[in-house]
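Colleague: take this sequence and fold it.
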Amino acid sequence: MVEFPLDPSLSKMLIISEEMGCTLDILVIVSMLSVPSIFFRPKGREEDSDNAREKFQVLSKVFNCLKKTLTIVKHFTLIKWLIFP
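Modeller: Have a look, this model is predicted:
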């Protein structure tokens, strides 16, 4: 863990993620946690900033929903292929 230029808890997450088979997901999480927040509210433009953040959150929810749907479709396609070769 000393070799990683991260907090010890984040380094441990990366090491354990390999054993659990979720390295790519944890790498994204650790990357976001190891940098300052990307969101800020410039003075005088707080409302514009809030509107932009809201649009981003909506797009993020749509993306996550699409990702889950594609995972389910892929899963059922695999099951269908296994049952009806």
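
Colleague: would you mind giving the domain segments of this structure?
Modeller: As assigned by automatic domain parsing, the chain contains the domains 1-35, 40-85.

Colleague: most tightly packed of those?
Modeller: Comparing those by mean neighbour count (mean count of other Cβ atoms under 10 Å), domain 1-35 ranks first with a mean of 12. Where you see a C-beta, it was placed from the backbone N, CA and C, and this is true even at glycine.

Colleague: let me see the mean pLDDT of it.
Modeller: Average pLDDT, domain 1-35: 84.

Colleague: quick check: mean pLDDT of stretch 62-81?
Modeller: pLDDT averaged over stretch 62-81 gives 72.

Colleague: mind listing the helices for this structure?
Modeller: 8-20, 23-33, 46-83 (DSSP state H).

Colleague: from residue 40, how far off is residue 46?
Modeller: 10 Å (Cβ to Cβ, to the nearest Å).

Colleague: swap that for residue 64, please
Modeller: Residue 64 is 23 Å from residue 40, by Cβ to Cβ.

Colleague: one more: residue 12?
Modeller: Distance of residue 12 to residue 40, computed by Cβ to Cβ: 30 Å.

Colleague: cool, and residue 17?
Modeller: Taking Cβ to Cβ, one finds residue 17 at 30 Å from residue 40.
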